[in-house]
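> The following block contains a protein sequence and its predicted model.
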Amino acid sequence: MSATAVRLKARGGEQAEHWQQRVDLAAAFRLAAEYGWHEAVANHFSLAVSDDGKQFLINPRWRHFSRMRASELLLCNADDRSTLDRPGAPDPSAWSIHGALHRLVPHARCVLHLHPKYGTTLAALADPSIPPLEQNCARFYRRVAIDLGYGGLANNADEGVRIAEAIGPHRRMMLGNHGVLVVAPTVAEAFDDLYYLERAARTVVLAYSTGRPLNVMPHELAEHTAKAWENYPPYSNAHFAEMKQILDAKDASYAT
């Protein structure tokens, strides 16, 4: 445990109470920067820390992903409409999207929203779906919400509510003309989903770029493969733990 974490725990308060959640979410920001998924000071990650999901951590306004620290994450209440009037408020689009998801979608505990290269390329197509071309693609077979109702920058409450309604029971969503979004019970599961979603999108974009016929799996095989992924939950925890170890070896400041 870092010296900063020890001081926070000794002092008590909200940061100490949610310290591991803060560390995990900060790690996700740093890893997104490592992979080049981020857009500098744009895009947002959040994590619910209350039983009802309405108290959540989110990145401070316009902080670069590569500099995120656990102690700097904001604690917000999805029901508090005055949040944007306060000093140090989150970005308006972050509040619009993440506030609505944490308020309206119970299974959205961790919410990762990005505009990564390949996922966003797919989102720019008339059909942004992910055909089951190989096993990473098949992970998402019939398991991704498709949102084609983009209403412009999400700097108003209506767009956030629309996105929250569009995701329905799904954990992943292709946001047409926008980017991608994943929700999951934990940071580890959300990060693992995002990692494979971007890899699947890369495969699809590269396959399309050849101009040759696609070898799409039949329904039965794609569904069988997707279900096999769903029976692999410990994998996501191991994946994320290993990535934090790699971060620690390079720069452990995310955990301060």
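Yes, it's here.
> Report the rounded mean pLDDT for stretch 84-101.
Regarding stretch 84-101, the rounded mean pLDDT is 91.
> With stretch 55-64 instead?
The average of the pLDDT scores along stretch 55-64 is 95.
> And the helices in the protein?
Listed in chain order, the helices of the chain (DSSP state H) span residues 3-11, 14-17, 19-35, 92-94, 100-104, 117-123, 135-138, 157-167, 187-210, 219-230, 233-250.
> Any chance of those helices in JSON lines with mean neighbour count and distance to L74 as columns?
Placement of C-beta: from N, CA and C, glycine included. Formatted as JSON lines, the entries for those read as follows, by neighbours: other Cβ atoms under 10 Å; distance: least, Cβ to Cβ, whole Å:
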{"stretch": "helix 3-11", "mean neighbour count": "13", "distance to L74": "15"}
{"stretch": "helix 14-17", "mean neighbour count": "16", "distance to L74": "11"}
{"stretch": "helix 19-35", "mean neighbour count": "22", "distance to L74": "10"}
{"stretch": "helix 92-94", "mean neighbour count": "21", "distance to L74": "9"}
{"stretch": "helix 100-104", "mean neighbour count": "23", "distance to L74": "13"}
{"stretch": "helix 117-123", "mean neighbour count": "21", "distance to L74": "25"}
{"stretch": "helix 135-138", "mean neighbour count": "22", "distance to L74": "33"}
{"stretch": "helix 157-167", "mean neighbour count": "18", "distance to L74": "17"}
{"stretch": "helix 187-210", "mean neighbour count": "21", "distance to L74": "16"}
{"stretch": "helix 219-230", "mean neighbour count": "14", "distance to L74": "33"}
{"stretch": "helix 233-250", "mean neighbour count": "14", "distance to L74": "21"}
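> Distance of the nearest residue to N155 once chain neighbours are set aside relative to L153?
On the basis of Cβ to Cβ, 6 or more residues apart in numbering, the spatially nearest residue to N155 that is not a chain neighbour turns out to be P92, at 4.5 Å. P92 sits 9 Å away from L153, taking Cβ to Cβ, to the nearest Å as the criterion.
> ok, now C137?
As judged by Cβ to Cβ, C137 and L153 stand 30 Å apart.
> which ones are touching D91?
Counting by Cβ atoms under 8 Å, 6 or more residues apart in numbering, D91 makes contact with 42, 44, 61-62.
> Could you rerun that using 6 Å?
With contact set as Cβ atoms under 6 Å, 6 or more residues apart in numbering, D91 has these partners: R61.
> L25 too?
Here L25 is in contact with 45, 47, 57, 187 (Cβ under 6 Å, 6+ apart).
> Could you find the closest non-adjacent residue to it?
Nearest-residue entry for L25: L47, 4.8 Å, with adjacent residues in sequence omitted and distances by Cβ to Cβ, 6+ apart.
> Could you pull up the residues touching the one you found?
21, 25, 57, 110.
> and the residues you listed as TSV, adding distance to P131?
Shown next, in TSV, are the contacts of L47 (distance: Cβ to Cβ, whole Å):
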residue	distance to P131
Q21	36
L25	32
L57	35
C110	27
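> ok, so of the residues you listed, who is nearest A200?
C110 (19.4 Å; Cβ to Cβ).
> Just give the number of residues close to that closest one.
When counting by other Cβ atoms under 10 Å, one arrives at 26 neighbours for C110.
> hang on, it packs against P185?
No. With contact taken as Cβ atoms under 6 Å, C110 and P185 are classed as non-touching, separated by 7.1 Å.
> Quick check: bridge partners of the residue most central in space within the chain?
A centroid search over the chain (Cα atoms, centre = their mean) returns L112, at 1.4 Å, as the residue closest to the centre. When bridges are called by DSSP bridges, L112 pairs up with F45, V182.
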